[in-house]
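Asker: Make a model of this:
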Amino acid sequence: MTPFGSKLRELRAARDVTLKDMAAAIGVSAAYLSALEHGRRGTPTWYLVQRIITFFNVIWDEAEELERLAQESDPRITVDTSGLAPATTRFANRLARQIGELSPEEIATMNEVLEKRRAKVPKR
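Answerer: From the prediction side, this is the model:
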């Protein structure tokens, strides 16, 4: 399950909305919506995210959170290390092979490192 899929399921459960009803309302199939929740589909389009935001009638912070989660929820990412140091390519490949073996604590530690790094770098 992706972060976006988890949030989507949480919103549906809180409002007691079925996959079938939500899918019909936003113009997708229930199978697609289920696959999106379970991380078996790629990142949803901006347009679909907007339909979901409208469906749940969320505003401001929660709408921004859904947009951010959608951007961070591609289950099949590509990491381009061309032009970077050999150690970077090695790290990316090792991470790809071993990510499923990492504990939640190890993932949290790596996320903390990345969050600290993001806080140091000015937004583009």
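Asker: Now do stretch 79-89, average pLDDT.
Answerer: Mean pLDDT, computed over stretch 79-89, is 95.
Asker: what sits up against that stretch?
Answerer: The contact list for stretch 79-89 (CB atoms under 8 Å, 6 or more residues apart in numbering) reads Ala92, Ala96. (C-beta placed from N, C-alpha, C; glycine too.)
Asker: Work out the gap between that stretch and the centre of the chain.
Answerer: 24 Å (CA atoms, centre = their mean, to the nearest Å).
Asker: Low-confidence regions, the protein specifically.
Answerer: 123-124 (pLDDT under 70).
Asker: how near is Ala25 to Glu37?
Answerer: 15 Å (CB to CB, to the nearest Å).
Asker: out of the two, which sits in the more crowded spot?
Answerer: Each of Ala25 and Glu37 has its neighbours counted (other CB atoms under 10 Å); Glu37 has more, 19 against 13.
Asker: Could you report the separation of that one from Ala30?
Answerer: On the measure of CB to CB, Glu37 and Ala30 end up 10 Å apart.
Asker: Thought Phe56 was touching Leu11, still the case?
Answerer: Yes. Counting by CB atoms under 8 Å, Leu11 touches Phe56, with 5.3 Å between them.
Asker: name the element Ile52 belongs to?
Answerer: For Ile52, the host element (DSSP states H and E) is helix 46-56.
Asker: Export the strand or helix carrying Glu106 to PDB, keeping only CA atoms.
Answerer: Per DSSP H and E, Glu106 falls inside helix 104-120. Extracted C-alpha coordinates of helix 104-120, given in PDB (Å, rounded to 0.1, in the frame of the first residue of the first chain):
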ATOM      1  CA  PRO A 104      10.100  -0.100  10.000                       C
ATOM      2  CA  GLU A 105      12.700   1.500  12.400                       C
ATOM      3  CA  GLU A 106      15.400   1.400   9.700                       C
ATOM      4  CA  ILE A 107      13.000   3.000   7.200                       C
ATOM      5  CA  ALA A 108      12.100   5.700   9.700                       C
ATOM      6  CA  THR A 109      15.800   6.400  10.300                       C
ATOM      7  CA  MET A 110      16.400   6.800   6.600                       C
ATOM      8  CA  ASN A 111      13.400   9.000   6.300                       C
ATOM      9  CA  GLU A 112      14.700  11.200   9.100                       C
ATOM     10  CA  VAL A 113      18.000  11.600   7.300                       C
ATOM     11  CA  LEU A 114      16.200  12.700   4.100                       C
ATOM     12  CA  GLU A 115      13.900  15.100   5.900                       C
ATOM     13  CA  LYS A 116      16.900  16.800   7.600                       C
ATOM     14  CA  ARG A 117      18.500  17.100   4.200                       C
ATOM     15  CA  ARG A 118      15.300  18.600   2.600                       C
ATOM     16  CA  ALA A 119      15.200  21.100   5.400                       C
ATOM     17  CA  LYS A 120      18.700  22.300   4.600                       C
END
